[in-house]
Each structure stands twice: as structure tokens, then as C-alpha cells.
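Chemist: Sequence plus the predicted model coming up.
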Amino acid sequence: MKKILSLLTVTFLGVSGVKKQTSNEFSYKYEVIASSNSTSDVLQIYNVKESLINKYEQIAFNIDASYHKQAIIDNLDSFNVCKTCVAKYEDEKIVVYIGEGKGKKVTGDLRKNSCDSKPVRVQFFFSKYFD
């Protein structure tokens, strides 16, 4: 009986000590980082974010979810929506650097399919006056 109890204890400790391995699946997140903290750069973040969401939906909604990660990696250049934008795939998310990427940051979630809730689309009615 002691052997069975000790064996169960060792098994339990062995199983509970196993680390959960991180999966290499696409996390359905994005990040846009501005060149600086100026007003025009901060407003540009939101324009790039809108373009990023639209490009993502064009790519991802036409294929099966199991192919999303590979499709994103294959089409990273399509996320370069401005002259100074550089899109990268880092930490299982899409990251777009505008210019040097030393300014403000906007992060968010992407939809897995068209039936998910709509993404938050922030619009500034006064942004056209700053251009």
C-alpha cells in the first residue's frame, strides 16, 4: 500500500511539474508603433491601424484558420501601408513600425473570422485639420 501511495505521489508531482509549452499559433493581435510622440505621428498610427485591419481581413477571411499564421507571414509586405512602415511578425503577432518606432504604441485584437465581433475602429473627426 505504501508503494502504491508513494508511486501515486511521485506521478502526481511529475505531472504537476510539467511546464505548459507555449504554442506557436498566431495570437490574433497587432501592434502599431509610431515614429515619435508628435500629434501627426499619433494620428498616423490610427490610419495605419485601420489599413492593417483591412489588409488582415482581406487575407485571413478567405482561408481556413489553420493557415492564418502562414498567410500572414507570406504577406507581411502588404502590411507596409505607408512609405516609412515596416511590418514584422514578432511574438506571434503583427507589429508595424512607422519610421524609427520610438513613439506611442497602439495594440489590439484581430478577428478570427467574419462572425466575431467587429473591431474597434477609432476615428478622429478633427484629424483632417492637422494634415
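Modeler: That came in fine, so what should we check first? Numbers count the residues shown, from 1 in each chain.

Chemist: For burial, what's the neighbour tally of S27?
Modeler: For S27, the tally of surrounding residues (other Cβ atoms under 10 Å) stands at 14. Where C-beta positions appear, they are placed from N, C-alpha and C, glycine not excepted.

Chemist: Looks to me like it is in a helix.
Modeler: No. Judged by DSSP: H, G, I helix; E, B strand; the rest coil, S27 forms no part of a helix; its state is coil.

Chemist: what separates it from G103, distance-wise?
Modeler: Here the criterion is Cβ to Cβ, to the nearest Å. By it, S27 lies 23 Å from G103.

Chemist: remind me, longest helix of the chain?
Modeler: With residue count as the measure and DSSP state H as the assignment, the chain has helix 39-60 as its longest helix.

Chemist: Tell me the buried residues in that one?
Modeler: Buried residues in helix 39-60, defined by neighbour count with 16 or more other Cβ atoms under 10 Å: 41-53, 55-56, 59-60.

Chemist: now for that helix, which elements pack on it?
Modeler: Secondary structure elements in contact with helix 39-60, counted by 3 or more Cβ pairs under 8 Å, 6 or more residues apart in numbering; DSSP states H and E, are strand 29-33, helix 68-74, strand 93-98, strand 105-109.
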